[in-house]
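[1] missing the sequence, but the structure's below:
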């Protein structure tokens, strides 16, 4: 987990509220990713960014938004349009030309 | 969509035994990676095997790759209780090398 911080570790929100998950890295990596993981499941890609001020939708982008204004930061906003937001959210980074991804410790979001 | 599918979904063994888990994928790849996830934590990269390699070792880990069968296996020898975790294979997406598609994972339980 070193070099990538996600905060908070646990987050509780009421239905209908937007919530922003933080991801910060000091690895100087160009690419950053957001994944969602549901219990007993694999990871599904929400959004990714290969360079500052640019990002692309992943497989399940609906109801989510991101920004990449700084190389170090890639916040994810879970909007009220996301129908089932309760999940474990993981942020990852990778260096240019490198296939390996490095993961943060995750944020568990519960929406009631 | 899931590129990799792990088998078995769950595996329970005793300490000292070997654990083998398999991954099948659908399209041509340049490499295949294995990751480990302890419960409630982020993923940790274990090993990467390139398409021109058939076998790779790292400590107690041995990975094989059979591109003709589109499959890979991860062998953990002399397992320890600390190896208890979920293990995922991941393959780069064709066209966007920085994106990875993760399998559904194998949950390994190592008992004393």
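    That came in fine, so what should we check first? Note that the structure is predicted; figures quoted are calculated from it, not measured.
[2] Quick one: neighbours of residue 28, just the number.
    The chain I'm using is chain A. Other residues near residue A:28 number 10, with proximity taken as other CB atoms under 10 Å in any protein chain shown. (Each C-beta comes from the backbone N, C-alpha and C, glycine too.)
[3] my bad, the chain I had in mind was chain B
    Residue B:28 is flanked by 10 other residues according to other CB under 10 Å.
[4] That one - that's part of a strand, no?
    No: counting by DSSP: H, G, I helix; E, B strand; the rest coil, residue B:28 is located in no strand; its state is coil.
[5] residues near residue 64, how many?
    Went with chain A since none was named. Neighbours around residue A:64, by other CB under 10 Å: 21.
[6] wait, I meant chain B there
    If you count neighbours by other CB under 10 Å, residue B:64 ends up with 16.
[7] Report the beta-bridge partners for it.
    Beta bridges link residue B:64 to residue B:55, residue B:73, judged by DSSP bridges.
[8] tell me the contacts of it?
    Residues in contact with residue B:64 (CB atoms under 8 Å, 6 or more residues apart in numbering or on different chains) are B:49, B:54, B:55, B:72, B:73, B:75.
[9] Closest to the centroid, which residue in chain A?
    residue A:34 (3.1 Å; CA atoms, centre = their mean).
[10] how many other residues sit next to residue A:30?
    Count around residue A:30 with other CB under 10 Å applied: 17.
[11] Against residue A:64, how distant is it?
    Remark: distance between residue A:30 and residue A:64 (CB to CB, to the nearest Å) = 21 Å.
[12] and what of residue B:76?
    From residue B:76 across to residue A:64, the span is 35 Å (CB to CB).
[13] Can I take it that residue B:82 is in a helix?
    Yes: Residue B:82: assigned to a helix according to three-state DSSP.
[14] Number of residues surrounding it?
    Neighbourhood size, residue B:82 [other CB under 10 Å]: 9.
[15] Tell me the residues of chain B that contact chain A?
    Selection of chain B residues close to chain A by CB under 8 Å from any CB of the partner chain yields B:1-2, B:30-31, B:33, B:40-45, B:48, B:88, B:90, B:92, B:97-105, B:107.
[16] What's the ChimeraX syntax to select whichever of these are buried?
    Selection of buried members from these for ChimeraX, criterion 16 or more other CB atoms under 10 Å in any protein chain shown:
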select /B:2,31,33,41,42,43,45,48,88,90,92,98,99,100,101,102,103,104,105,107
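[17] got the contact list for the closest residue in space to residue A:82 that isn't next to it in sequence?
    Of all residues not flanking residue A:82 in the chain, residue A:63 sits nearest, at 2.9 Å (CB to CB, 6 or more residues apart in numbering or on different chains). Residues near residue A:63 by CB under 8 Å, 6+ apart: A:78, A:79, A:81, A:82, A:83, A:85.
[18] The second one against residue A:18, yeah?
    Yes: with contact defined as CB atoms under 8 Å, residue A:79 counts as touching residue A:18 (5.1 Å).
[19] how about the strands in the chain?
    Using chain A. Listed in chain order, the strands of chain A (DSSP state E) span residues A:4-7, A:10-13, A:19-25, A:31-37, A:43-51, A:54-57, A:64-66, A:76-78, A:87-94, A:102-103, A:107-111.
[20] let's do chain B instead
    B:5-7, B:10-14, B:19-24, B:31-37, B:43-50, B:55-58, B:61-66, B:71-76, B:85-93, B:96-102, B:106-111.
[21] show me the contacts for the residue of chain A found nearest chain B.
    Nearest residue of chain A to chain B (CB to the nearest CB) works out as residue A:103 at 3.5 Å. Residue A:103 is in contact with A:1, A:4, A:90, A:91, A:92, B:42, B:43, B:44, counting by CB under 8 Å, 6+ apart.
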